[in-house]
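> Predicted coordinates and the sequence they were generated for:
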Number of protein chains: 4
Amino acid sequence: MSKARVEAFSDGVIAIAITLLVLDLHVPEPGSGTLGHELAKEWPSYAAYVVSFLTIGIIWVNHTAMLRRLNRVDHSILFLNLLLLMTIAVLPFTTALMAAYLKATGGENLAAAIYGGSLLVMSLAFYGMHRHLLLARVHFLQEHLTPEVRSAVLRRNAIGLLPYAFATAVAALSPYLTLAICGAVAVFYALPATTGDTPPEAPIE
Amino acid sequence: MSKARVEAFSDGVIAIAITLLVLDLHVPEPGSGTLGHELAKEWPSYAAYVVSFLTIGIIWVNHTAMLRRLNRVDHSILFLNLLLLMTIAVLPFTTALMAAYLKATGGENLAAAIYGGSLLVMSLAFYGMHRHLLLARVHFLQEHLTPEVRSAVLRRNAIGLLPYAFATAVAALSPYLTLAICGAVAVFYALPATTGDTPPEAPIE
Amino acid sequence: MSKARVEAFSDGVIAIAITLLVLDLHVPEPGSGTLGHELAKEWPSYAAYVVSFLTIGIIWVNHTAMLRRLNRVDHSILFLNLLLLMTIAVLPFTTALMAAYLKATGGENLAAAIYGGSLLVMSLAFYGMHRHLLLARVHFLQEHLTPEVRSAVLRRNAIGLLPYAFATAVAALSPYLTLAICGAVAVFYALPATTGDTPPEAPIE
Amino acid sequence: MSKARVEAFSDGVIAIAITLLVLDLHVPEPGSGTLGHELAKEWPSYAAYVVSFLTIGIIWVNHTAMLRRLNRVDHSILFLNLLLLMTIAVLPFTTALMAAYLKATGGENLAAAIYGGSLLVMSLAFYGMHRHLLLARVHFLQEHLTPEVRSAVLRRNAIGLLPYAFATAVAALSPYLTLAICGAVAVFYALPATTGDTPPEAPIE
């Protein structure tokens, strides 16, 4: 089983999910009010768009890094990858859900918890697949990694889950805080890479 | 005719179809009720999303395995592949149809029969293309397969049609049973692959 | 300029256009009537879906064949290809337009003329690009084609425009005839390929 | 880090954004008036579709040319590319916004300014990424470019920003002028390439 088609299929699904986010940006009905005012009310959609776009983009970078390590794939990897892609493909929905309820009264805490939770589940799927590769499919890796290195990589991965768990939990207090934390995670991983010369290899890890 | 562009085009269509499924997940109108309650009413959409996502993912795995066997393609293969892609690309519609009517009263049996039927037709298109490759285009195959092996592969393929035929038929009794059977087929093919070390080569076959 | 990315981009646009056709298949509003009855009224959408899907699929096959002949591409080819892709990407709209008006009273002749016309324009763009390659970019071709061969290929191409011109014209008489002709063209090019052993190299030509 | 998957992912996002533009072309509600009349009222949507399609197509050509110069990519390039893709992926929204308000009374100046501004921001992202490559990642380039050549390329890039800045500014006077200028830019870069034998290497620069 060659990994080229797995990469192509994954690239396709992630590229489509990231681009479909734009369908959640709604054109205000002409005549319903001043356009500037109407657009201003839509700011949760724009904020959620940017956060989800950057987050999915970082997932893609990490997915690329993870598959690059492999020599080959088997069915267990194919199906874990499929589960991971499902958690990514669903993000346009949870993004739209949170944005819609940040604009309304009632339900915004639950909507933000679902958004944070969807990013947490996505990270868990990523962690689960990475763990499978590093522990159960170590003979598929292109370079030899000592058990210590592999444990360190996975520990770093697991730590990366914490911000999303926290973002999900604080939704009960403030849905805006959830969005802000998810945005901060995206910026945190994106920023150093544009300035430093030796960026971390796989940011979200 | 190189098969690389056939693979790229097929990967594209399947990746888009699987990702478009998310458009069937609707954000409840804010203010129409408690969000938790409104989302709970949408469970058929979520269940149908997961079943169709996994099913299309398995189709992709099998499609990859089928094309990998080929050295080259001709026009007969291109057009059978196009028919197969059409039966895959239509699944977001039949998924949305079943989900909408599982939430309503009236029409749910027909909607589920159409859903099961669309998976049956897709499997038939897959079987038809595989049969054409193994019987009429045997000189395109990368490795020599004895007639016995080819018959066995096709028999396994044909048996794979039965659950979808059954799922379509039982829609007259219970649309939920149709969804459950289709979900069980997807889980059946996905599960062993994530646990066993020697997964079956092409699950849906 | 390598042609690999041109092929990848073209494959992407065509794969998306063909898959977006499914968004024109609408789920009838539950409760608005018997589902079977409601679906039956939607038959123009299903017929238009099949015709447009097969037609775009055949375009893709021909596009593949056309680019395969090239060693390299230049900017004139890139932009003619972009125009061709624009005429393909617009087909989900003209398909939806015709299907909507075949179900209504009034406007169906114009809608069918626009559908036929959009296929005619797409064929013209294909012809124009092919003509540019065979006459003005002959040094980019992988194999030497005599002027006679090139004229013959282009003549065949030009003849392929006639059915769409006819389908557009007869829309004034019967929009169903337009759809039937476009469907017959698709079936004509698809059918032999699935039965014959020596199918024509590039069907729509 | 190989650049092949960066190209594949970018091709995917750009191809999807350019094809999603078709979703902004609306089928007039049957029975709401003469179809010809209804379609004529939609002309801003068609004009905006053509302008945005050609513009995104030219971006893709330039993006291809920019990445072709590179031997490898690092994280800074990945994230600048992600920002660039975000400015491209949002264009179907700003296109739909301008088209909707050109058809209405009130808000058309702001809508056109947002459209022109979105193209300006996209050009700035392109310029920023190109500047980063030519100044800070010069050791990643496939061929040696003297500082003079690099300055000249960037100066040409910067000049390419002016029409979009102008188009954004004149939206206060006339939204139609904004659309016309953006269209003229697209035609300006597309036209020579289809006629001349030595077209400019990267048009929008």
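Happy to help now that I have it.
> Could you pull up the contacting residues of the closest residue in space to A:E7 that isn't next to it in sequence?
Of all residues not flanking A:E7 in the chain, A:L67 sits nearest, at 5.8 Å (CB to CB, 6 or more residues apart in numbering or on different chains). For the C-beta atoms, the positions are set from N, CA and C on the backbone; glycine is no exception. Contact partners of A:L67, counting by CB atoms under 8 Å, 6 or more residues apart in numbering or on different chains, are A:3, A:6-7, A:10.
> go on, A:E7?
Applying CB under 8 Å, 6+ apart, the residues contacting A:E7 are A:64, A:67, D:5, D:8.
> and stretch A:158-170, how far from the chain's centre?
Centroid separation for stretch A:158-170 versus its chain: 12 Å, with CA atoms, centre = their mean, to the nearest Å.
> if we can go back for a sec, let's see if you can find the most crowded of the contacts of A:L67.
Each of the contacts of A:L67 was scored by neighbour count (other CB atoms under 10 Å in any protein chain shown); the top score is that of A:S10, with 25 neighbours.
> That one and chain C: what is the separation?
According to CB to the nearest CB, to the nearest Å, A:S10 stands 15 Å off from chain C.
> From what I see, that residue and A:N81 are in contact.
Yes: A:S10 is within contact range of A:N81, at 6.5 Å (criterion: CB atoms under 8 Å).
> So which of the contacts of A:L67 belong to helices?
Those of the contacts of A:L67 mapping onto helices are A:6-7, A:10, per DSSP state H.
> is it possible to export the residues you listed to a markdown table including pLDDT and distance to C:S151?
Converted to a markdown table, the ones in helices among the contacts of A:L67 look like this (pLDDT from 0 to 100; distance: CB to CB, whole Å):
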| residue | pLDDT | distance to C:S151 |
| --- | --- | --- |
| A:V6 | 92 | 45 |
| A:E7 | 91 | 43 |
| A:S10 | 95 | 46 |
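> Return the member of those residues nearest to B:F188.
A:V6 (21.6 Å; CB to CB).
> Contacts only, for the closest one.
Here A:V6 is in contact with A:67, A:73, A:77-78, A:81 (CB under 8 Å, 6+ apart).
> and the two most separated of those residues?
The largest separation in the contacts of A:V6, counting by CB to CB, is between A:L67 and A:L78 at 11.6 Å.
> From chain C, how far off is A:G33?
A:G33 is 29 Å from chain C, by CB to the nearest CB.
> where are the low-confidence patches of chain A?
Along chain A, the parts satisfying pLDDT under 70 run over A:1, A:192-205.
> need the residues of it near chain B, please.
Proximity of chain A to chain B, by CB under 8 Å from any CB of the partner chain, involves residues A:1-2, A:5, A:8-9, A:12-13, A:16-17, A:20, A:23, A:74-76, A:78-80, A:82, A:85-86, A:89-90, A:92-93, A:96-97, A:100-101, A:103-107, A:110-111, A:114, A:132.
> What subset of these is buried?
Burial of the residues of chain A next to chain B was assessed by neighbour count (16 or more other CB atoms under 10 Å in any protein chain shown); the buried members are A:1, A:5, A:8-9, A:12-13, A:16-17, A:20, A:74-76, A:78-80, A:82, A:85-86, A:89-90, A:92-93, A:96-97, A:100-101, A:107, A:110-111, A:114.
> near chain D too, which of those?
A:8, A:12, A:16, A:20.
> Make CSV out of these and add secondary structure and distance to D:V153.
What follows is these, written out as CSV (DSSP: H, G, I helix; E, B strand; the rest coil; distance: CB to CB, whole Å):
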residue, secondary structure, distance to D:V153
A:A8, helix, 32
A:G12, helix, 32
A:I16, helix, 33
A:L20, helix, 34
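> Nearest to A:L145, out of the residues you listed: which one, please.
Within the set of these, A:A8 lies nearest A:L145; the separation is 26.0 Å, counting by CB to CB.
> where along chain A do the helices fall?
In chain A, the segments counted as helices under DSSP H are A:4-20, A:35-41, A:43-68, A:75-89, A:91-102, A:108-131, A:147-159, A:162-169, A:175-195.
> Would you mind getting the angle between the longest one and helix D:91-102?
Read that as helix A:43-68. Taking axes from the mean of the first three to the mean of the last three CA atoms, to 10 degrees, one finds that helix A:43-68 is oriented at 160 degrees with respect to helix D:91-102.
> since we're on A:L173, how many residues are nearby?
With other CB under 10 Å as criterion, A:L173 counts 11.
> One more: the one 3 residues further on?
A:Y176 sits with 15 neighbouring residues when counted by other CB under 10 Å.
> Which residue comes closest to it once chain neighbours are left out?
Spatially, and ignoring its direct neighbours in sequence, A:Y176 is nearest to A:L102 (7.3 Å; CB to CB, 6+ apart).
> Return the residues in contact with the one you found.
So A:L102 contacts A:44, A:48, A:108, A:111-112, A:175-176, A:179 (CB under 8 Å, 6+ apart).
> what separates it from B:F188, distance-wise?
Shown here: A:L102 relative to B:F188, a distance of 40 Å by CB to CB, to the nearest Å.
> what do you get for A:S2?
Using CB to CB, one obtains 25 Å as the distance from A:S2 to B:F188.
> same deal with A:R5?
Here A:R5 is placed at a distance of 23 Å from B:F188 (CB to CB).
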